[in-house]
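>>> what's the 3D shape of this:
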Amino acid sequence: MKSDWASVSHRAFKLGILIKGLDGLLELLGGSALLLTSRPAIQHAVALLTRQELVEDPHDVVANYLLHMAQHLSLGTRNFAGIYLLAHGLVKIAMVVGLLRGVRWAYPAAVVLMTAFIGYQGYRLFHQPSPLLGLLTVIDVTVTGLIVREWRHLPARLPSAE
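Predicted coordinates for the structure are as follows:
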């Protein structure tokens, strides 16, 4: 029974880490797209993506929010968001590579980074409640718990640095 739980926990850890890696890759792509795309092109793309939804439901909250954001996107906001997404994505990918390779320093570093992300998300949730952000925060807390569990069960033979 104990080994079954360890196996399930390890698979959940790997899955959670892979999801974080995919998230980091998407953030890299999104940040690059923001920095390399002009404001009119962003507005046009958002209009194309939301057109069908707004034809079906002119009051669709998400589609209208996206249109509003695209129309009011300043150069400073676009640059900040792009750089933030690039940095966040790079940090996540580095964390994932270290964890999947079993590099010992990656575990405490990942716990610190994830705790910082969770803290920021908690701050945002307190000031601007969002069901999606709440769900992402629960996932991050779960993944962080799995990282801690894996860290505690690392074999002594793993390298401390690579």
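>>> Without its sequence neighbours, what residue ends up closest to the spatially most central residue of the chain?
With distances taken as C-alpha atoms, centre = their mean, Asp23 lies nearest the centre of the chain, 4.7 Å away. Spatial nearest neighbour of Asp23, excluding adjacent residues (C-beta to C-beta, 6 or more residues apart in numbering): Lys92 at 6.2 Å. Using the backbone N, CA and C atoms, a C-beta is placed for each residue, glycine as well.
>>> for the spatially closest residue to Tyr84 that is not a sequence neighbour, what are its contacts?
Take Tyr84 and drop its neighbours on the chain: the residue closest to it by C-beta to C-beta, 6+ apart is Gly31, 7.1 Å away. Applying C-beta atoms under 8 Å, 6 or more residues apart in numbering, we find Gly31 in contact with Ala81, Gly82, Ile83, Tyr84, Leu85, Leu86, Ala87, His88, Gly89.
>>> does Gly31 sit in a helix or strand, and which one?
helix 2-36 (DSSP states H and E).
>>> pLDDT averaged over that helix - what is it?
The pLDDT scores in helix 2-36 average 88.
>>> could you point out which element follows it?
helix 39-56.
>>> Mind listing residues that contact whatever helix or strand comes next after that following helix?
The helix or strand immediately downstream of helix 39-56 is helix 61-71, counting by DSSP H and E. The contact list for helix 61-71 (C-beta under 8 Å, 6+ apart) reads Ile42, Gln43, Val46, Ala47, Leu49, Thr50, Glu53, Leu54, Asp57.
>>> Now tabulate those in CSV and tack on neighbour count and pLDDT.
Shown next, in CSV, are the contacts of helix 61-71 (neighbours: other C-beta atoms under 10 Å; pLDDT from 0 to 100):
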residue, neighbour count, pLDDT
Ile42, 17, 89
Gln43, 16, 89
Val46, 18, 89
Ala47, 15, 90
Leu49, 13, 89
Thr50, 18, 90
Glu53, 14, 88
Leu54, 14, 89
Asp57, 10, 90
